[in-house]
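S.K.: Pasting the sequence and the predicted coordinates here, then a few questions.
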Amino acid sequence: MALQLDTVFVWVTDLDRSLDWYGALGLEPGPRHGPWQDMILDGGTRFALHQGDHPGGPSTSVPSFRVSDLDEEVSRLARVGIEPTDPAVTDTGAARFTTFTDPDGNQVQLLERPS
């Protein structure tokens, strides 16, 4: 059986604050379901913010969102006060990426694949 990634949940302590932060990142809110908020993405994978305590302690997963121009996105985010955790961009040859930290300490990456 082939598995397909369906939803990535990120636990947050303040849903409204996180909606502002992820909105600045470029995600738009979708339907809200009690303590969790769907965010709109292209493709079939869902990304959702879940308000409350993470059930297993600190998370070790890092969602990476693909962008077409990483440098442009890093500049845009800096203009609204969101700086990368490390200002250096990592270039593996297969992708360029940089990491940000949301208001709850969750790491989030923006990633650019070569065209």
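M.R.: It's in.
S.K.: Who are the contact partners of F97?
M.R.: Residues in contact with F97 (Cβ atoms under 8 Å, 6 or more residues apart in numbering) are 64, 70, 89-90, 109-112. Every C-beta, even on glycine, is put in place using the N, C-alpha and C of the backbone.
S.K.: if you go through this protein in chain order, where are the helices?
M.R.: 15-25, 70-79 (DSSP state H).
S.K.: gap between the longest one and the chain center?
M.R.: Read that as helix 15-25. On the basis of Cα atoms, centre = their mean, to the nearest Å, helix 15-25 sits 10 Å off its chain's mean C-alpha point.
S.K.: packing partners for it?
M.R.: strand 36-40, strand 46-51 (3 or more Cβ pairs under 8 Å, 6 or more residues apart in numbering; DSSP states H and E).
S.K.: residues of the shortest one that come out buried?
M.R.: Going back to what we said before, that points to strand 36-40. Neighbour-count burial for strand 36-40 flags 36-39 (criterion: 16 or more other Cβ atoms under 10 Å).
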